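> Okay, sequence plus prediction incoming.
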Amino acid sequence: MTAFWSRREADRQVVASASQSLAETDRAIVAVDVRKDFVTDHGSRRVLDGIGFRVGLGERMAVLGRNGAGKSTLIKVLAGLFTPTSGYVHRGLHMSWPLALGGGFEGEMTGYDNMRFISRIYNTPFRQMFDYVSDFAEIGASIYEPVRFYSDGMRARLAFGISLAIDFECLLIDEVLMVGDRRFSDKCHHELFERRRHCGMILAVHDTGVVKEYCTHVLVLKDGRGRVFDDVKLACDIYGSL
């Protein structure tokens, strides 16, 4: 098992090669030797240690790791919420914000007004977004109420709907994949994995069933270090043994 986590010379050469050949025209999300340190009361703590991968159009990479392995930190680095201590992220695809429970909404604004604001930022026709989200989220007249009155499920439905209404080329998904009842969960599956099979995806998840069914490769994290596996079943087995 130790061999899976050792930084072999071959791994270093891959990272170096990616760093040298990466061009602004590369149509992919590429992490090159990403490290992230945090300063704590007990000194500096390295949460990500030399992470590297590439996700292009139509590729779906799962990020697996136990709590504290660095998954959420990696997602925030990819989204631009955290700046890496060293290394860099090339965003050659139009990437979404992290799809989760919709905590980024302005609570005093209605769902309708949040949509108007986001549609302007992402240059998406508002009427197109409104029609799609109204149909997808299924929250009825609540769309005209302040978001602070929404349940977690309603916020998640609104967040998913808005995210899918924008023509993102890569979807960044943090933990929460499906919300609501079985029918709505099936609807989410169809929208994500069927209608958007042409998109890139980076999914930080715990559900290995989803990983085995939908992902093309897997980044397994342990204590901030990680390796990418093309053999999805092997990666899930390693994750299960951590």
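Arrived safely.
> what's across from the most centrally placed residue in the chain in the sheet?
Taking Cα atoms, centre = their mean, the centroid of the chain lies closest to residue 172, which sits 2.3 Å from it. Using DSSP bridges, the bridge partners assigned to residue 172 are residue 98, residue 202.
> In this structure, where is pLDDT below threshold?
Within the chain, the segments meeting pLDDT under 70 span 1-25, 100-104, 175-181.
> those helices in it, which residues are they?
Using DSSP state H, the helices found in the chain span residues 2-5, 9-21, 71-79, 111-121, 126-137, 152-165, 182-189, 208-214, 232-241.
> So for residue 196, which of these sits nearest?
helix 152-165 (7.6 Å; Cβ to Cβ). Yep, even glycine has a C-beta here, placed from its N, CA and C like the rest.
> Next, the buried residues of that closest one.
For helix 152-165, a neighbour-count test (16 or more other Cβ atoms under 10 Å) marks 154, 155, 156, 157, 158, 159, 160, 161, 162, 163, 164, 165 as buried.
> got the contact list for residue 169?
57, 93, 94, 95, 199, 200 (Cβ atoms under 8 Å, 6 or more residues apart in numbering).
> Distance-wise, check the first one relative to residue 169.
Per Cβ to Cβ, to the nearest Å, residue 57 is found 6 Å from residue 169.
> again with the fifth one
Using Cβ to Cβ, we find residue 199 at a distance of 6 Å from residue 169.
> Same question for the second one.
In this structure, residue 93 and residue 169 are separated by 4 Å, where distance is defined by Cβ to Cβ.
> and what of the fourth one?
Between residue 95 and residue 169 the computed distance is 7 Å (Cβ to Cβ).
> picking that back up, does the residue nearest to the centre of the chain really touch residue 91, like I thought?
No - Residue 172 is beyond contact range of residue 91, at 10.4 Å (criterion: Cβ atoms under 8 Å).
> if we can go back for a sec, list just the nearest of the contacts of residue 169 to residue 139.
residue 199 (24.6 Å).
> contacting residues for the closest one?
Taking Cβ under 8 Å, 6+ apart, one finds 57, 58, 168, 169, 170, 171 in contact with residue 199.
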